[in-house]
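# quick one, structure for this:
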Amino acid sequence: MLKKGSKLYSILTGTCPKCQNESMYLDKNPLHFNKILKMHENCSHCGLKYQIEPSFFYGAMYVSYGLNVATGIAAFIISFVIFGSSLKVAFIAIIASLIVLFPFVLRWSRNIYINMFVSYDPKTKLK
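Next up is the predicted model:
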């Protein structure tokens, strides 16, 4: 399903968007909260600098906002429309889903943002 070379592969695995050989993060597990946003400076395989410009990942906040809105809408539709719960329960479901998915949304938003600017290159030479 996920093949190396696709943007979706890089986004979901958190690998370098250019060579897709190495994780961009020091700790691959997003549930280790003290290291959730700690990233390598460069890719050890292709040398891509992850922070393309100063404060590059501030733009990922906009992506994060979109992901959180989509998560909230999905939680509302599932709880209120499909299961027929009350508005109070639907609101609790939205809050719970946002809290549970928080570490994943943080990483996915960065992954999506950098993949908007850097594409996979199969001819990338090792550093």
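
# quick one: contacts for the nearest residue to residue 48 once chain neighbours are set aside?
Computed as Cβ to Cβ, 6 or more residues apart in numbering, the closest residue to residue 48 that is not its neighbour in sequence is residue 18, at 4.5 Å. Bear in mind the C-beta positions are built from the backbone N, C-alpha and C, glycine included. Neighbouring residues of residue 18 by Cβ atoms under 8 Å, 6 or more residues apart in numbering: 43, 46, 48, 118-121, 124.

# apply 10 Å and report the result again.
Going by Cβ atoms under 10 Å, 6 or more residues apart in numbering, residue 18 touches 10, 43, 45-48, 50, 114-115, 118-122, 124.

# distance check, it against residue 73.
33 Å (Cβ to Cβ, to the nearest Å).

# likewise for residue 2?
In terms of Cβ to Cβ, residue 2 sits 25 Å off from residue 73.

# again, but for residue 99
Distance from residue 99 to residue 73, by Cβ to Cβ: 16 Å.

# and what of residue 118?
To residue 73, residue 118 is 29 Å away according to Cβ to Cβ.

# ok, residue 29 next?
Where residue 73 is concerned, residue 29 sits at a distance of 28 Å (Cβ to Cβ).

# before we move on, what about residue 38?
In this view, residue 38 and residue 73 are 31 Å apart by Cβ to Cβ.

# with adjacent residues omitted, what lies nearest to residue 33?
For residue 33, ignoring the flanking residues on the chain, the nearest one in space by Cβ to Cβ, 6+ apart is residue 103 at 6.8 Å.

# report the contact partners of the one you found.
Counting by Cβ under 10 Å, 6+ apart, residue 103 makes contact with 29-33, 36-37.

# least confident of the contacts of residue 18?
Ranked by pLDDT, the contacts of residue 18 bottom out at residue 124, which scores 76.

# was I right to think that one contacts residue 22?
No: Residue 124 lies out of contact with residue 22 (Cβ atoms under 10 Å); the separation is 11.6 Å.
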